[in-house]
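[1] Whatever this is, show me its structure:
(chains A, B and C)
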Amino acid sequence: MIPVSLPRWLGASGLFCLLATSPAAAQVAEVAIERALARELELSVGDTVRLGTAPDSMDRRAVVAAVYEPRPDPAEIAKRERHLRMHLPDLAALLGVPDQVDRLGVGLHPGVSADSAAAALNRTAFGFRAYPSSAIAAESSQTFLVVSRFHRAIAVITIVASAVFLLCIMLLKVEERRMDAAVMRFVGVRRRTIFGALLLEAALVAAVGSAAGTGLAFLAGAATNAYYRRFFDTALTFSQITPQIVLFSVLLSLALGLAAGGLASWRLVRTRPMVLWGRG
Amino acid sequence: MSEAGPVLLATALLKDYPMNGETVHALRGVSLRVHRGDYVAIAGPSGSGKSTLLQLIGGIDTPSSGSVEILGTRLESLKDRELTRLRLTRLGFIFQRFHLLPVLTARENVELPMAEAGLGGAERRARARELLAYVGLGGRADHRATQLSGGEMQRVAIARALANRPAVLLADEPTGELDAATGQEILDLFRRLNADGTTLVVVTHDQRLAAEAGRVIHMLDGRILGD
Amino acid sequence: MNGLGWGVKSLARHPLRTALSLAGIAVAAAMLLDMVMLSGGIEKSFSEMLLTRGYQVRMTPKGTLPFDSEATISGASRLVIALRSEPGVEAAGAVLGTSLYGRASDSLVTLFGYGIEPQAQALYQLTAGRDLARDDTSGILLSEPAAGLLRAGVGDTVTLVGRLDPQIAEAAIGRKLLVRGQVRWLYDYRGQPSVGTLLPVMQRLARQSSEDRASVLMVKVRDDALVAVVAERLRQRFPQLEVNSVADLVVHFKQRLVYFRQLSYILGSMSLIVAVLLVATLLTITVNERLGEIATLRAIGVSRATIVRQVLAEGAALTFAGATLGILLGLGTARYLDAILTSFPGLPAAFSFFVPRADTLTFAALVLLITGSLAGLYPAWLAARAPVAATLRAEAT
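    Below is the predicted model:
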C-alpha cells in the first residue's frame, strides 16, 4: 500500500491510498499511474488496484488504463511524491466530495486580456478568486527565483575567489622569470620588450587556462546532470552552460589574467637588473 | 679522538659528476691532512676543484671514491642524520655570498645553529652576543641581515660558523664578494681566529689571504700541485 | 623553535604575494565555513524549531507531513484522549490548520487559522496580552501581520468568516471574537497573517466540526530518550496515522533539501581545494626561490626535519591567518546568503539555513588548518630533498 496524490492542476486533488490487488471486477474506474509508481508497485496496464482515503477503507477498485511519464517538474523532484490521474467524477466519488474542485481553468476569447478578465471575475464572483495564468506562474516560480539569487550570490563569491587565485598565480608565474628578465636586461633588451613578452606569456596562460576551464566546466556539468537525473529519476537539466556563460567566463579570466600578468610584469621590469639577479 | 691525530684527513679523493651528458672529473685523487690550529689556504684557478674539495671534506657532498675523516670519524660511514649533526657541531661553514637568512636579525642568524643543536634560549642569546662582539658587530645584533653591509654580513656569517665551537672552520672564497678594505677586515679576523686556536681551511683566489695562511695548497685540474 | 621562525618570518619577504594568498585563502575559508554551516545548519535549525516547545512527535494523516496537504484526521478529541493515556506521554494536543477570512472594514482579508488546545500547544509563543483559556470560545490570538491586516490589537473585536460558498453567495459561517493576545506562530512564514482560536471554534469556521477533524496531533514524550520507542508504539496503535518523531521529520526535510546539502559538500570541497592549491603553489615557489638558503642551512647542519617543520609552519601560519580572516568574512556572507534562502515562499520565518555555532566554526577552522598545513607537505618534501652541494655550486655562479 502506498499513499498517492493527484496533482492540483488536474482540477481536483486529494491524497489517498493505493493497493495493488487481484484482477478486476466489472464497472471499475480507470486510472493512469506515473512510471515511477508503476515500477515501485510492479504494476502494468490492465492491473487492478484498490483505492481508498484511508488504509482501513480501501473499498474502490480501479484498473490501470495507462502508465505515463510525468512532465519534469523541478518543484516536485525532492518531494518524492507519487501521482496518478483519474477521471474527475471517479475522484470526487472516492473522496466523498461530489461536484467540488480545487480550481477551475477558464479559456478566454482571443484578444481578451487575462488580467482584466480575472479582475472582472473577482469583482463579481464570491467564494473564489481568479488569477491570470501569468500570476500563478510568477508565484510558483518564486522558489526558483530564490534558488537563482542564491546561485548568483555563490557565483559572485566564486568569481572573487577565482580572481584572487588567478592574480596570485600570475604574480608567482611572472616572478619566476626574475632571472630571465635580469639576463635579458643585462644583454640590452628593452624593458618594453620584456614587458610585452611577459604579458604575452600571461595571456597565453590565461587563454589555455580558460580553454581547459571551459572543458572542465562541460565535464562537470555533464557529471552533475547525470548524477542528479539518476538521483531524482527525472529528465530535468540541472546544469546548463550557455554560450553567454562561456563567453563571460573566458573574457573575465582573460581580463583578470592580463591585468594580473601586466601588474606583475610592470613590477618586474621596474626593478633594477642587479636586484633581479639577487645582487642588488 | 686522539689529540695528536689530524683534525681532518682526506685520502685519495675522486669526484666525478655528470654535466651536459659528459662526466666532469672534478677531483682526481686528492689527499689532505689538517692538524689542530692549522690555517690552510687552498688556491687555484676556477674549475681546479678547490670548492669541490671543500664540499667533500665538509661532508656536504660525497666522493666518488676515497675517504674523509673528521676527528677520526669516517664520513662515508655516517647516515645523513649523523652527517648533518657532525656538520652542525664539528664544522663551521663560511660562504662567498654569506647566505644569511634575510628575515632574521644578525643575532638570530648566529643563534640558528645553536638552536638547532638544542641550546637553551638564554645561553644561545648570550653566546650570540659574545660572538657578534668578537667579530666587531656588538652594536648591530638586532639589525636584519638585509640592513648590513657586505663585510658586516660576512662577519655575521663567521660568527654563525663559530656558534657551536667547531673543530674546523671551512671557508669558500670568503672575500670574493668584498672590496679590498672590507676583505682585509675579514683577513684580520681570520688571523685573530687562528691565533685564538681555530683551525681554518680556506678556499680562495685572494693572494693576500693565501699569503696570510700558514700553509697553501695549490690545485689545478682536480689535483694538488703543491702543498 | 629550532629555525627561529624562519619559515613564518619569510612570509613578510613578499608582502603583495602573501597578501594575495591570504585574500585567496580567506575567500576560500569563508566559502568553506558557509558551506559547513549550510550542510549542518539546515537540520539543526529545523530540529530546534520543531523542538521549541518540547513536543517531539507529530501525527498526521497517512502519507503526509505536518501542514503539507489539506488532509485531516477525524475524531481528533478521541485520539488526543487516547494519546494522553499512553505510557510515557506527558502531553498531547490537536491542531487544525485552515484558510479563512477576516473582515477588515468592508473587505475580506485572507488569513490562516489555527485551531488549538491552549493547554497542550507547540505552535506559538505569546508576545503581548494573554493566552486563551481552555474554555475561551470567544477569544482569539493574532500574529503581528494578522493584527496589521485586521487593524486590531489586544482587547479589540474581530470578525472571522469561514469557508465561502459560491452557490449561495454568502459567508456560510461568521463569528465575532475578542483579541486576547498577540503571538508569534513558530512555523509561520515571514508576514503570514495567522490567527488562533480554540479547536472547536476553528472546526466550526472550517466546517470540520461534524467529524472533529484536525490537521496534526502533537505529542510530548516525558523522556527524550524514549521518543523513538513511544513513536514506534504509536505507529502500531494508530496504523491509519503517520507518526513522525522530530528526528524522522528532520530526515524528510533533509531529503527535500538534499540539493543544498550536496551543493554545500561540493562547494565546500572546492573551497578546500582552492585553499590547498594556493598554499601549495605559494610554498612550492617560495621554496624553489629559497633553495640556496635551504642548502646553506643544510650545509651548516640544520636537519631535514627542521627544514620540513619550517615549511609546514609557514603553510600553517598562512592558513591560520587566512582562516581567521575567512571566518569573519564567512559570517558576513552567511548572513547575506541566509537572507536570500530564507525568502523561500512558505518557509517558516524562524528557520535559518546558516547557523553560526561554535562547533561549526571550530570544525571549518580545523579542516582548513589541517588541510592547509598538509598542503605544505609537497613543498616541504622538495625543501628536504634539495641537493646541498649542487645548489651551493649553482648559487656561487
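[2] ok, how many other residues are close to the closest residue to residue C:387 other than its chain neighbours?
    Beyond its immediate neighbours in the sequence, the residue positioned closest to residue C:387 (C-beta to C-beta, 6 or more residues apart in numbering or on different chains) is residue C:295, lying 7.6 Å away. Any C-beta I mention is one placed from the backbone N, CA and C, and that applies to glycine too. Neighbour count of residue C:295, defined by other C-beta atoms under 10 Å in any protein chain shown: 24.
[3] Let me know whether residue C:295 touches residue C:385 as I believe.
    No - taking contacts as C-beta atoms under 8 Å, residue C:295 lies outside contact range of residue C:385: 11.1 Å.
[4] quick one on the thing from earlier: tell me if I am right that the residue nearest to residue C:387 is in a helix.
    Yes - counting by DSSP: H, G, I helix; E, B strand; the rest coil, one finds residue C:295 located in a helix.
[5] what's near enough to touch it?
    If you count contacts by C-beta atoms under 8 Å, 6 or more residues apart in numbering or on different chains, residue C:295 has them with C:386-388, C:391-392, C:395.
[6] Just give me the longest strand of the chain.
    All of this is about chain A. strand A:60-68 (DSSP state E).
[7] nope, chain C please
    Every strand in chain C considered (DSSP E), the longest is strand C:89-104.
[8] and the very next helix or strand once past that one, how far out from the chain's middle?
    Where DSSP states H and E defines the elements, the next helix or strand beyond strand C:89-104 is strand C:107-116. Using C-alpha atoms, centre = their mean, to the nearest Å, the mean C-alpha position of strand C:107-116 is found 28 Å from that of the whole chain.
[9] Sheet-wise, list the partners of the helix or strand just after strand C:107-116 with their directions.
    Toward the C-terminus, strand C:107-116 is succeeded by strand C:124-129 as the next helix or strand (DSSP H and E). Strands adjacent to strand C:124-129 in the sheet, as given by DSSP bridges, are strand C:174-185 (antiparallel).
[10] picking up where we left off before, among the contacts of residue C:295, which are in helices?
    For those, the ones inside helices are C:388, C:391-392, C:395, with DSSP state H as the criterion.
[11] who wins for neighbours among these?
    The residue in the ones in helices among the contacts of residue C:295 with the most neighbours, by other C-beta under 10 Å, is residue C:392 (27 neighbours).
[12] distance of that residue from chain A?
    When C-beta to the nearest C-beta, to the nearest Å is the yardstick, residue C:392 and chain A sit 14 Å from each other.
[13] cool, residue C:126 as well?
    Taken as C-beta to the nearest C-beta, the span from residue C:126 to chain A is 31 Å.
[14] just residue B:133 next, same as before
    Looking at residue B:133 against chain A, where the rule is C-beta to the nearest C-beta, the gap reads 29 Å.
[15] Assign a three-state SS to that residue, would you?
    Using three-state DSSP, the three-state assignment for residue B:133 comes out as helix.
[16] Pull the contacting residues for it.
    For residue B:133, no residue meets the contact criterion (C-beta under 8 Å, 6+ apart).
[17] Pick out the least confidently modelled helix or strand of chain B, by mean pLDDT.
    Sorted by mean pLDDT, DSSP states H and E, the helices and strands of chain B end with helix B:207-212, the least confident at a mean of 83.
[18] Now do that one: everything it contacts.
    Taking C-beta under 8 Å, 6+ apart as the criterion, the residues outside helix B:207-212 that touch it are B:39, B:41, B:43, B:174-175, B:183-184, B:187, B:190-191, B:202, B:204, B:216.
[19] Closest one to residue B:115 out of those, please.
    For residue B:115, the nearest member of these is residue B:174. The distance, counting by C-beta to C-beta, is 23.8 Å.
[20] Measure how buried that closest one is and give me the count.
    For residue B:174, the tally of surrounding residues (other C-beta under 10 Å) stands at 28.
[21] What confidence value was assigned to the residue nearest to residue A:276 when sequence neighbours are not counted?
    Taking C-beta to C-beta, 6+ apart as the measure, residue A:276 lies nearest to residue A:182, with 3.6 Å between them; neighbours along the chain are not counted. Per-residue pLDDT puts residue A:182 at 86.
[22] what about residue A:182, which helix or strand?
    Residue A:182 belongs to helix A:178-186 when assigned by DSSP H and E.
[23] Now the element after that helix, going C-ward?
    Sequence-wise, the next helix or strand beyond helix A:178-186 is helix A:191-232, with elements assigned using DSSP H and E.
[24] Strands along the chain, start to end?
    As the question left the chain open, I've gone with chain A. Under the criterion DSSP E, strands of chain A are mapped to A:2-5, A:15-20, A:29-34, A:48-52, A:60-68, A:84-86.
[25] Switch to chain B, please.
    Going by DSSP E, chain B shows strands at B:8-19, B:22-34, B:39-43, B:65-70, B:73-74, B:91-94, B:168-172, B:199-204, B:215-220, B:223-226.
[26] follow-up on the earlier one: show me what the helix holding residue A:182 is packed against.
    helix A:191-232, helix A:243-270, helix A:273-277 (3 or more C-beta pairs under 8 Å, 6 or more residues apart in numbering or on different chains; DSSP states H and E).
[27] Out of those, flag the one nearest residue C:276.
    Across the helices and strands packed on helix A:178-186, residue C:276 has its closest neighbour in helix A:191-232 (17.2 Å, C-beta to C-beta).
[28] Report all helices and strands that that closest one contacts.
    Applying 3+ C-beta pairs under 8 Å, 6+ apart, we find helix A:191-232 packed against helix A:142-175, helix A:178-186, helix A:243-270.
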